[in-house]
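Enquirer: build me a model from this:
(4 chains)
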2 protein chains.
Amino acid sequence: MLTELFLKGRLRQNLSPEETGALEASVRRTLTVPPRKQLIERGQRIDNSYYLVEGSMLRYVDNRRGERQLVSVAIPGDFVDLHGYPMKRLDHAVGTLTACVLAEVPHPAVTQLIEKFPHLGRAMWFSTLLDGAMHREWIFRLGSLNAESRIAHLLCELMTRLRFVEMFDGRNFPIPLLQRDYAEACGITPVHANRSFKSLRERGALILQGEGRIEILDEALLVKLAEFEGDYLYGSGDLQLSEMTDY
Amino acid sequence: MLTELFLKGRLRQNLSPEETGALEASVRRTLTVPPRKQLIERGQRIDNSYYLVEGSMLRYVDNRRGERQLVSVAIPGDFVDLHGYPMKRLDHAVGTLTACVLAEVPHPAVTQLIEKFPHLGRAMWFSTLLDGAMHREWIFRLGSLNAESRIAHLLCELMTRLRFVEMFDGRNFPIPLLQRDYAEACGITPVHANRSFKSLRERGALILQGEGRIEILDEALLVKLAEFEGDYLYGSGDLQLSEMTDY
DNA sequence: CGAGAAGTTGACGCGGCTCAAACACCGTGG
DNA sequence: CCACGGTGTTTGAGCCGCGTCAACTTCTCG
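Expert: Just a heads-up that it's a prediction; the model follows:
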């Protein structure tokens, strides 16, 4: 079941066996990509989308000085560039963070999927809108928080999302973002990211183990520092997409 | 033709007469809303979406100190909270900037629309993804630019979008955002927004006429300061959604 | 003519940037 | 075996962009 995590991590509802079967069948092939490799550049036309089975990926835009601004971190279960299906080209670059296993889904297959299963189509629409919600919170992070809180906020989001796909044990943070990645995500310099991590360490919130390995010690403290409210991830049971199928 | 601007501003392609007729017919009523009035609060469940016919609106999230972070500025032709159709509740607040005329579209009507016109459904999906693209650029703005460039970048985006709906004459900027609104959009204080505008004025980029009225003098200079590349608005003729209908 | 909202400006402090150096760890090759 | 370079992390010193606090002006409207 390649797409099993898609359900847990992104769709927020159950699909019928026919729908999951059709989704599974629309995968043309799977491929393995080495770490830190750019797959798509800004402006590139695409006619496949990639579902992330294993590993983690980054989406980013570059400014004219070659500096990178991260806009998204993808984890297993994310349909990384499904928005490329309606948009036809991407306004940002996509690359791997770690080695990744990807499932390739051709856009014509998506068209067939959603025409045959309109309900699945709305679910896929929803999954692309979750990116929008996460982008909005990313804007909040950059516009309203200081450096230390920005990092805490990003960690909180990722911990919450990782729990959806059962990839976080409460201590060992499984995404090996380097300090310069946090800097590029949070709009600060790597030096200042380091100082912010030092402060988080001194507060007892986490332990750094080098090369992006982080051990979480006090999640509640991170949530408090970040003013984190996870409702924007639409994970609560009583507000699921399935309610809309009543229409 | 209430929804005429939707085509120009958001859909980036042509619709058939049947499609536009059905879209038009799905409007239950139009309503007028006074300026600076909040319509929807974060977390609120919705079962209508609003298409903006006239005026301008803001979308924002609040932090726990009551400070406001803008995440979007809506102009005529925008389907302000169409993403609320698949999501069922909003993760942000929505309010008017000026007095607005809104067209109310019930969500069940949207379901009927997209089931009868799958092509229109994909077009509406696209229009919600345009928000995502603008959000990403908003992240870039906050994460990679200084205060003066952030304001310039926001102005550039809005000028470009206003041109799509033929609402910008090249001089008089028709959205009366106050300096504190620019501050809330750009993650700076109102005082510093004022100093940044002063700098833009001294460069000869624009003239401030009070109460949010701005006259644009040197658009090229603003584009340069902002490192603005408008391709993310998907306005270029050769990359329109219509190409995907080949599938 | 008083009150409030928007804009403007100055003085001062702090958060984050820049430049620089040093340290830890690892894989490679002599 | 150790020397070595590369990468990631850590820390210090000094500076600057932006925040804070406060005063003042202008305009509008009651």
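
Enquirer: I figured A:P106 hits A:D47, correct?
Expert: Yes. Contact criterion CB atoms under 8 Å: A:P106 and A:D47 qualify, at 6.7 Å. Where you see a C-beta, it was placed from the backbone N, CA and C, and this is true even at glycine.

Enquirer: which stretches of chain A form helices?
Expert: Per DSSP state H, chain A carries helices over the ranges A:4-6, A:17-25, A:84-87, A:107-116, A:118-144, A:147-164, A:179-186, A:190-202, A:219-226.

Enquirer: tell me which other helices or strands the longest one touches.
Expert: Based on contacts counted as 3 or more CB pairs under 8 Å, 6 or more residues apart in numbering or on different chains; DSSP states H and E, the elements that helix A:118-144 packs against are helix A:17-25, strand A:68-74, helix A:107-116, helix A:147-164, strand B:57-62, strand B:68-74, helix B:84-87, helix B:118-144.

Enquirer: who has more neighbours out of A:P106 and A:D47?
Expert: Applying other CB atoms under 10 Å in any protein chain shown to A:P106 and A:D47 shows that A:P106 carries more neighbours, namely 17 against 13.

Enquirer: let me see the contact set for the more buried one.
Expert: A:26, A:28, A:47-48 (CB atoms under 8 Å, 6 or more residues apart in numbering or on different chains).

Enquirer: mind running it again at 7 Å?
Expert: With contacts defined as CB atoms under 7 Å, 6 or more residues apart in numbering or on different chains, A:P106 is in contact with A:28, A:47-48.

Enquirer: just A:R122 next, same as before
Expert: B:P86.

Enquirer: separation between it and DNA strand D?
Expert: Distance from A:R122 to DNA strand D, counting by CB to the nearest atom of the strand, to the nearest Å: 40 Å.

Enquirer: for chain A, which residues are neighbours of DNA strand C?
Expert: A:146-148, A:187-189, A:191-192, A:196, A:210 (CB under 7 Å from any atom of the strand).

Enquirer: out of those residues, which are buried?
Expert: Buried by 16 or more other CB atoms under 10 Å in any protein chain shown: A:147-148, A:187-188, A:196, out of these.

Enquirer: quick check: the one residue sitting closest to the centre of chain A vs DNA strand D, distance?
Expert: The structure's chain A has its C-alpha centroid closest to A:A74; by CA atoms, centre = their mean the separation is 3.0 Å. From A:A74 over to DNA strand D the distance is 19 Å, taken as CB to the nearest atom of the strand.

Enquirer: likewise for A:N172?
Expert: 15 Å.

Enquirer: partner residues bridging that residue?
Expert: A:E215 (DSSP bridges).

Enquirer: now swap in A:E54 and tell me
Expert: A:V101.

Enquirer: pLDDT score for it?
Expert: We have a pLDDT of 95 for A:E54.

Enquirer: mark out where each domain of chain A begins and ends.
Expert: Here the domain parsing of chain A from automatic domain parsing is A:4-117, A:139-233.

Enquirer: ok, A:H153 - contacts?
Expert: A:141, A:145, A:226, A:228.

Enquirer: should've said A:A93
Expert: A:38, A:40-42, A:59-62.

Enquirer: isn't A:A123 up against A:L11?
Expert: Yes. Counting by CB atoms under 7 Å, A:A123 touches A:L11, with 4.9 Å between them.

Enquirer: neighbour-wise, which of the two wins?
Expert: Ranked by neighbour count (other CB under 10 Å), A:A123 and A:L11 place A:A123 first, with 26 against 23.

Enquirer: and the pLDDT at that one?
Expert: 91.

Enquirer: now do A:M244
Expert: In this model, A:M244 carries a pLDDT of 44.

Enquirer: kindly report the same for A:D231.
Expert: 95.

Enquirer: the closest residue to it other than its chain neighbours and B:L52, how far apart?
Expert: Excluding its sequence neighbours, the residue lying closest to A:D231 (CB to CB, 6 or more residues apart in numbering or on different chains) is B:G43, at 6.2 Å. Per CB to CB, to the nearest Å, B:G43 is found 22 Å from B:L52.

Enquirer: likewise for A:Q209?
Expert: Applying CB to CB to A:Q209 and B:L52 gives a distance of 50 Å.

Enquirer: where does chain A dip in pLDDT?
Expert: Applying pLDDT under 70 to chain A flags the ranges A:236-247.

Enquirer: picking that back up, run a quick neighbour tally on the spatially closest residue to the residue nearest to the centre of chain A that is not a sequence neighbour.
Expert: Once flanking residues are discounted, A:A74 sits nearest to A:M57: 4.1 Å by CB to CB, 6+ apart. Residues contacting A:M57 under the criterion other CB under 10 Å number 24.

Enquirer: surely A:M57 touches A:C100?
Expert: Yes. In this structure, A:M57 is within contact of A:C100 by CB under 7 Å, at 6.1 Å.

Enquirer: wait, A:A226 touches A:A152, no?
Expert: Yes. Contact status for A:A226 versus A:A152: in contact at 4.0 Å, counting by CB under 7 Å.

Enquirer: so for these two, which sits in the more crowded spot?
Expert: A:A152 (28 against 20).

Enquirer: now the more buried one: how far from DNA strand C?
Expert: Distance from A:A152 to DNA strand C, by CB to the nearest atom of the strand: 12 Å.

Enquirer: hmm, back to that, so B:G43 and B:L52 - more neighbours on which side?
Expert: The neighbour comparison of B:G43 against B:L52 (other CB under 10 Å) goes to B:L52, with 23 against 14.

Enquirer: perfect, that will be all.
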